[in-house]
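Enquirer: only geometry, no sequence info:
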Ligand SMILES: [Zn+2]
């Protein structure tokens, strides 16, 4: 993605500052558990391990992105094929989320917004966004593309089929 215009650049500076806060906060932190989703931070990574005896409460980066509505991934879906098969396609999307989320607690869907011209799915992580695009392309062909931005801290995925 080419964020060249002035407004975009300003937007990006703002986002970079905020983005650091999402992960750096945890770089040296002791084990902790997210009070919202129960993801556990231990040994430098997030898991769903519930056996961990962790008393420190926090809010994980994914829950913070969700409450701030600040996505790392955008998936743009266009074309008549989606309109005709939206139930099946959204089932596939939700299945991909279930798989991703079980391995990587920070990879989640934030929102699915359908409008007349397109459907936009926002995600907390870049990995899940790419996986959803790949799954759509594998299952339904069509046109699939993606572009990283912000030094690969965010991603835009495009999928279209008429
Ligand atoms: Zn959480």
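Expert: Cool, the structure landed. Being a predicted model, the structure only gives us computed values, none of them experimental.

Enquirer: Leaving out chain neighbours, which residue sits closest to the residue most central in space within the chain?
Expert: Ranked by distance to the mean C-alpha position of the chain (CA atoms, centre = their mean), the top residue is residue 123 at 2.3 Å. Excluding the flanking residues, the one nearest residue 123 by CB to CB, 6 or more residues apart in numbering is residue 73, at 3.6 Å. Where you see a C-beta, it was placed from the backbone N, CA and C, and this is true even at glycine.

Enquirer: For the one you found, give me its contacts.
Expert: If a contact means CB atoms under 8 Å, 6 or more residues apart in numbering, then residue 73 has 122-126, 128-130, 154-157 as its contacts.

Enquirer: how about it, phi and psi?
Expert: Dihedral pair for residue 73: phi -130, psi 140, per degrees, to the nearest 10.

Enquirer: Please render the contacts of residue 73 as CSV that adds secondary structure, pLDDT and distance to residue 80 to the earlier fields.
Expert: Shown next, in CSV, are those (DSSP: H, G, I helix; E, B strand; the rest coil; pLDDT from 0 to 100; distance: CB to CB, whole Å):
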residue, secondary structure, pLDDT, distance to residue 80
122, strand, 98, 23
123, strand, 98, 24
124, coil, 97, 30
125, coil, 96, 29
126, helix, 96, 28
128, helix, 98, 26
129, helix, 98, 23
130, helix, 98, 24
154, strand, 96, 28
155, strand, 97, 25
156, strand, 98, 22
157, strand, 98, 19
